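J.: below: sequence and its predicted model.
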Amino acid sequence: MSSPLIYELRKPKHVDPNKTYPALFVMHGIGSNEQNMLTLVEGLDEQFFIFSVRGHLTQPPGYAFFTIEGYGKPHREVFDEGIRKLTSFIDYVSEQYPIDSNHLYLLGFSQGAIVSMTLGLTLGNRIKGIIALSGYIPGFVKEEYEIKPVNDLSLFISHGDMDQVLPYEWGVANQEYFRDLGAQVTFKTYHEGHSVSLRNQQDFMEWIADSLKN
């Protein structure tokens with residue numbers, strides 16, 4: 001079986017053949033690639049198998065997981081296909097690598113955060129934790145997708161209050177939506193635009209380290 005998506009793998013230097021490891025799936029923003037986000041998670045490969053995933057669509061100068069027909073509105077069919085491919089990729093990795101299925105984490109920025117939160121809703125408690133940096137949940141996902149229980153799901157959601165690409169209010173709405181569904185949510189605001197600050201990175205790295213203890 002071949003991988004449904006191109007990816008970059010980081011893993012512990014010494015893998016114990018008798019152990020399984022938590023997995024972190026990293027999804028980039030539009031026009032970026034699978035290399036771009038790896039600097040944000042440096043050091044986590046001491047504990048995690050990290051799969052940094054390339055979007056399947058060409059979007060110069062890089063790639064994308066879906067295309068957009070309007071502000072905050074992805075093309076539905078393209079988006080659906082992207083979510084199917086990412087779900088198949090998670091299934092593929094879980095079969096091919098020594099992954100602890102109880103410790104699956106998703107991390108995404110912008111478009112990557114959008115697909116991460118959507119996967120959290122469609123896979124539900126199969127996912128242990130999500131780090132969603134500056135994203136939103138498409139309306140059709142909330143209204144038409146089959147939403148799985150998320151009462152065991154934890155999220156770190158962050159947004160810049162000066163975000164000029166995706167409004168800060170969308171970040172607030174994300175955390176309210178997941179809280180209403182019963183998920184455990186940490187919501188952080190940063191005085192920045194559409195980016196990931198050093199403080200933001202430090203906070204989510206601390207969050208994921210704490211999550212591993214549970």
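T.: That came through fine.

J.: by contact count, what packs against the helix or strand encompassing Gln201?
T.: Assigned by DSSP states H and E, Gln201 belongs to helix 198-212. Counting by 3 or more CB pairs under 8 Å, 6 or more residues apart in numbering; DSSP states H and E, the packing neighbours recorded for helix 198-212 are strand 99-109, strand 129-133, strand 154-160, strand 184-190. Yep, even glycine has a C-beta here, placed from its N, CA and C like the rest.

J.: just say which of those strands is most tucked in.
T.: strand 129-133 (a mean of 28; mean count of other CB atoms under 10 Å).

J.: got the buried residues for the first helix or strand past that strand going along the chain?
T.: With elements assigned by DSSP H and E, the helix or strand that comes after strand 129-133 is helix 139-144. By 16 or more other CB atoms under 10 Å, the buried positions in helix 139-144 come out as Val141.

J.: so for helix 139-144, what's the average pLDDT?
T.: For helix 139-144, mean pLDDT is 97.

J.: pull the residues that contact it.
T.: Residues outside helix 139-144 that contact it (CB atoms under 8 Å, 6 or more residues apart in numbering) are Gly72, Lys73, Arg76, Thr118, Leu121, Tyr177.

J.: equivalent analysis for stretch 122-129, please.
T.: 22, 83, 87, 90, 101-106, 119-120, 145-156, 208, 211.

J.: each with direction, which strands does the worst-scoring helix or strand of the chain on mean pLDDT pair with?
T.: Ranked by mean pLDDT, DSSP states H and E, the helix or strand of the chain with the weakest confidence is strand 68-70, at a mean of 91. Sheet partners assigned to strand 68-70 using DSSP bridges are listed as strand 73-74 (antiparallel).

J.: what's the offset of the partner strand from the middle of its chain?
T.: 18 Å (CA atoms, centre = their mean, to the nearest Å).

J.: what residues of the helix or strand that that strand is followed by count as buried?
T.: Next helix or strand after strand 73-74 toward the C-terminus (DSSP H and E): helix 76-96. Residues Val78, Phe79, Asp80, Gly82, Ile83, Lys85, Leu86, Thr87, Phe89, Ile90, Tyr92, Val93 are the ones in helix 76-96 that count as buried (16+ other CB under 10 Å).

J.: tally of neighbours for the closest residue to Asn102 other than its chain neighbours?
T.: The spatially closest residue to Asn102, leaving aside those adjacent along the chain, is Lys128, at 6.6 Å (CB to CB, 6 or more residues apart in numbering). By other CB atoms under 10 Å, the residues close to Lys128 number 21.
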